[in-house]
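Trainee: Below are the sequence and a predicted model for it; my questions follow.
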Amino acid sequence: MTALKRVALVGAGTMGSHHARVISQSAGAELALLIDPREAVGASVAERFGATWLPELPDLDGIDAVVVAAATEAHYDLATRVLGQDVPLLVEKPVADSLARTEEVIALADARDIPFMCGLLERYNPAVMTARGIMGEPIHITASRHSPYAPRIRTGVAWDLLVHDVDLAIGFVGAAPVAAESRLGYFHPESLQGAEDVAETILDFPGGAIAHVSASRIGQRKIRQLSIYERDRLIEVDLLRRDVTVYRHVSENSVDDGRGYRQQTVIEIPELVSSQEPLTTQFARFLDVIDGRIDAAAERASFLPAHRVIDKVISQRPSAAA
């Protein structure tokens, strides 16, 4: 019987609590340590999931993996300390608070050949996984990720929202974009100066594929939608409802009764490949990377393209935000 992986989790906030639950429920791991400087919060989460609370990251002797769900500004220091002890790491997005630091973290994992993942969670949405499995050759992708304003997130939507669909578009096409053009909008009085409330980005890919990715936090309802166009099919994905619909146009003809035209379309609704919670699927993949069932080098490399695009997007912020 394979021994359970002893996992240390850094961060006991909302996302950290979800990670704690998923790790503790895993058949392949146990939550050994819960690290958070706030004793009242950290000790409570640790007790709930049978872990030991610590106020700061200890020596990792006897720990098989670390999950970091702390504030972004702490990622770089935590990641380099974990990787410096040759311990596999899953860190929430973004990897670090700058592209240079992100590249440094991934380069360190590469140099030491340490399993590493970044929490771009939408990769593991069952609807996304289903669409990826039936896709042929996408030539045009559109994505909308819009939300009502959330006061707790005062920084821009590029890192909070846009990165997910940029990452998905890159994964669908199977290549990094050769060009990215963005327009940013600044509208909400509670946002930090220079923090974008709207981001519209167009990506050009090798071979001519195009993606239009839209993120907003001034919407009046939550929207998470993807459309993947092929030459003879449209695959629509609703990431909130977690459903997929495939359309294939057959014919259309004019109708001379004044009611417009008649269209014939074949509609398919494929069965989802999984009903599992994305965070659970992501953690299971992390364990597979650690155990060598998934190529660790390819996994590490897959996170850089989206980070590079978002870095280019935020480079267009007003200089006051720099």
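Mentor: Structure's in. What do you need? Keep in mind the model is a prediction, meaning the values are calculated, not measured.

Trainee: now the helices for the stretch 101-250 of the chain?
Mentor: 126-134, 157, 163-173 (DSSP state H, counting those that start in this stretch).

Trainee: Can I get those helices in CSV including mean neighbour count, mean pLDDT and distance to residue 24?
Mentor: The way it works is simple: take the backbone N, C-alpha and C, and place the C-beta from them, glycine included. CSV is the format used below for those (neighbours: other Cβ atoms under 10 Å; pLDDT from 0 to 100; distance: least, Cβ to Cβ, whole Å):
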stretch, mean neighbour count, mean pLDDT, distance to residue 24
helix 126-134, 19, 98, 22
helix 157, 26, 96, 32
helix 163-173, 24, 98, 26
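
Trainee: do you know which of these lies nearest residue 119?
Mentor: helix 163-173 (10.3 Å; Cβ to Cβ).

Trainee: so the closest residue to residue 106 other than its chain neighbours, which of the three states?
Mentor: The shortest distance from residue 106 to any non-neighbouring residue, by Cβ to Cβ, 6 or more residues apart in numbering, is to residue 300 (5.5 Å). Recorded secondary structure, residue 300: helix (DSSP: H, G, I helix; E, B strand; the rest coil).

Trainee: quick one: residue 300 and residue 39, what's the gap?
Mentor: 34 Å (Cβ to Cβ, to the nearest Å).

Trainee: between those two, who's got more neighbours?
Mentor: Just comparing residue 300 and residue 39: by other Cβ atoms under 10 Å the higher neighbour count belongs to residue 300, 21 against 12.

Trainee: was I right about that one contacting residue 111?
Mentor: No. With contact defined as Cβ atoms under 8 Å, residue 300 does not reach residue 111; the gap is 10.8 Å.

Trainee: how about residue 133, what does it touch?
Mentor: If a contact means Cβ atoms under 8 Å, 6 or more residues apart in numbering, then residue 133 has residue 273 as its contacts.

Trainee: returning to what we had before: so how far is residue 165 from the residue nearest to residue 106?
Mentor: Separation of residue 300 from residue 165 (Cβ to Cβ): 21 Å.

Trainee: Please give the number of neighbouring residues around residue 213.
Mentor: Using other Cβ under 10 Å: residue 213 sits among 28 other residues.

Trainee: Contacts only, for it.
Mentor: Residue 213 touches 141, 142, 143, 145, 162, 165, 166, 169, 200, 201, 202, 203, counting by Cβ under 8 Å, 6+ apart.

Trainee: ok, now residue 228?
Mentor: Residue 228 touches 131, 135, 138, 141, 172, 234, 235, 236, 237, counting by Cβ under 8 Å, 6+ apart.

Trainee: count of neighbours near the spatially closest residue to the fifth one that is not a sequence neighbour?
Mentor: So the one you mean is residue 172. Excluding the flanking residues, the one nearest residue 172 by Cβ to Cβ, 6+ apart is residue 138, at 5.1 Å. Residue 138 has 22 neighbouring residues, counting by other Cβ under 10 Å.

Trainee: And residue 242, by the same measure?
Mentor: 18.

Trainee: same deal with the one 5 residues further on?
Mentor: Residue 247 has 14 neighbours, counted by other Cβ under 10 Å.

Trainee: That one: what's it in contact with?
Mentor: 233, 234, 235, 236, 265, 266, 267.

Trainee: mind running it again at 6 Å?
Mentor: Contact analysis of residue 247 by Cβ atoms under 6 Å, 6 or more residues apart in numbering lists 234, 265, 267.

Trainee: Which of the helices or strands spans the last one?
Mentor: Mapping residue 267 onto the secondary structure by DSSP states H and E places it in strand 261-268.

Trainee: same for whichever helix or strand comes after that strand, what does it pack against?
Mentor: Going down the chain from strand 261-268, the next helix or strand is helix 278-290, by DSSP H and E. Here helix 278-290 touches helix 14-25, going by 3 or more Cβ pairs under 6 Å, 6 or more residues apart in numbering; DSSP states H and E.

Trainee: average pLDDT across the helix it packs on?
Mentor: Taken as a whole, helix 14-25 has an average pLDDT of 97.

Trainee: now that helix against helix 278-290, angle please.
Mentor: Helix 14-25 runs at 60 degrees relative to helix 278-290, counting by axes from the mean of the first three to the mean of the last three Cα atoms, to 10 degrees.

Trainee: can you count the residues close to residue 184?
Mentor: Neighbourhood size, residue 184 [other Cβ under 10 Å]: 22.

Trainee: Noted, bye for now.
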